[in-house]
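Enquirer: Need coordinates for the following:
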Amino acid sequence: MSDTDLVGDDEGFAVTFHGVRGSTPCHAPGLVRYGGNTSCVSLDIAGADPILFDLGTGLRYFGNTLKSGMPFTGTVLLSHLHWDHIQGLPFFAPLLQEGSEVTMYGPVQEGEATLRSVFNDTICPPLFPVDLAALPGTIDFVECWDSSFTIAAGSQRIDVLSRPIPHVGNTLGYRVEAHGRTVAYLSDHQMPMDGSTSMTPGARELCEGVDLVIHDAQYTPAEFAQKRDWGHCTIEYAVYVAAEAGAKRLALFHHDPSHDDDMLDRLADVAARCGREFGVEVFAAREGLTVQV
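Expert: Predicted coordinates:
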């Protein structure tokens with residue numbers, strides 16, 4: 001398939017995957033088709049400024065699609081602050097442009113830390129050559145948790161739900177509605193450690209009846225048995241969540257760095273067959289894929 005493949009009809013809005021890998025960016029000949037960049041997904045909604053899920057290394061490639069030298073205005077819905085979800089930020093070229101403005105929603109932090117303070121303490125020497133404040137663009141940090149809010153993006157008003165979901169550390173899932181269509185994003189989702197099938201009320205609310213759910217699908221059952229408390233889930237659990245919540249389509253996401261293209265093909269094929277039994281269209285997300293919601 002080409003980088004501009006569309007799945008679905010031509011109404012609603014477009015979802016593009018710029019990074020689909022979990023844990024760490026990776027590169028090898030066997031990872032070319034699905035890609036090795038970490039979590040970053042953009043929403044292209046008519047009349048609205050861009051909306052991004054997460055700031056992994058795929059963010060750099062999203063930035064490369066924008067017109068060079070022009071200020072950028074957009075919104076980020078950040079799931080959590082693990083490295084693989086934020087390390088693309090200082091390489092986002094539009095932030096080097098005066099006049100660029102990013103509004104970043106993200107989870108409240110524990111103790112005295114804030115969303116802003118964590119970024120300021122991370123993107124700075126000795127961890128990074130320059131301070132975040134040295135970038136010419138501006139970032140407005142907005143903390144949220146069990147929240148409902150509206151994004152005034154361009155001429156459109158986008159409705160958003162954020163709900164805490166199980167992971168390691170404070171983590172949010174999101175539900176975005178625009179033009180009568182909905183997409184849910186649960187990039188890192190800890191399934192029950194005993195391997196059972198249940199989900200929290202927040203996760204259910206995010207996924208209930210959505211047109212597309214983008215969901216953690218990092219482990220095989222054997223891998224989960226060894227890493228059951230690492231904050232992720234199996235591909236089978238992702239299918240369960242989508243089916244149980246009545247979602248129309250499921251994008252398998254946050255692929256393990258050890259899963260090469262051939263393995264992901266096999267896993268996605270099995271998941272697609274399982275999904276059809278429950279009336280859910282299932283596919284594996286890959287870099288460059290655009291899905292119409």
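Enquirer: ok so residue 60 is a helix residue?
Expert: Yes - assignment of residue 60 by DSSP: H, G, I helix; E, B strand; the rest coil places it within a helix.
Enquirer: what's the neighbour count on it?
Expert: The number of residues packed around residue 60, counting by other C-beta atoms under 10 Å, is 20. In short, each C-beta sits where N, CA and C put it, glycine included.
Enquirer: Beyond the helix or strand bottoming out on mean pLDDT in the chain, next helix or strand please.
Expert: The helix or strand of the chain with the lowest confidence, counting by mean pLDDT, DSSP states H and E, is strand 147-153 at a mean of 89. Moving toward the C-terminus from strand 147-153, the next helix or strand (DSSP states H and E) is strand 156-164.
Enquirer: What pairs with whichever helix or strand comes after that following strand, parallel or antiparallel?
Expert: Using DSSP H and E, the helix or strand that follows strand 156-164 in sequence is strand 172-178. The partner list of strand 172-178 in its sheet, established with DSSP bridges, is strand 156-164 (antiparallel), strand 181-186 (antiparallel).
Enquirer: which residues are contacting the longest helix seen in the chain?
Expert: Taking DSSP state H as the assignment, the helix of the chain that covers the most residues is helix 261-277. For helix 261-277, contacts defined as C-beta atoms under 8 Å, 6 or more residues apart in numbering pick out 30-34, 217, 220, 235-236, 238-239, 242-243, 250, 252, 255, 259, 281-284.
Enquirer: redo that, cut-off 7 Å
Expert: Counting by C-beta atoms under 7 Å, 6 or more residues apart in numbering, the neighbours of helix 261-277 from elsewhere in the structure are 30-34, 235, 239, 250, 252, 255, 281-284.
Enquirer: and which of the residues you listed is nearest residue 176?
Expert: Among the contacts of helix 261-277, residue 250 lies closest to residue 176 (C-beta to C-beta), at 16.1 Å.
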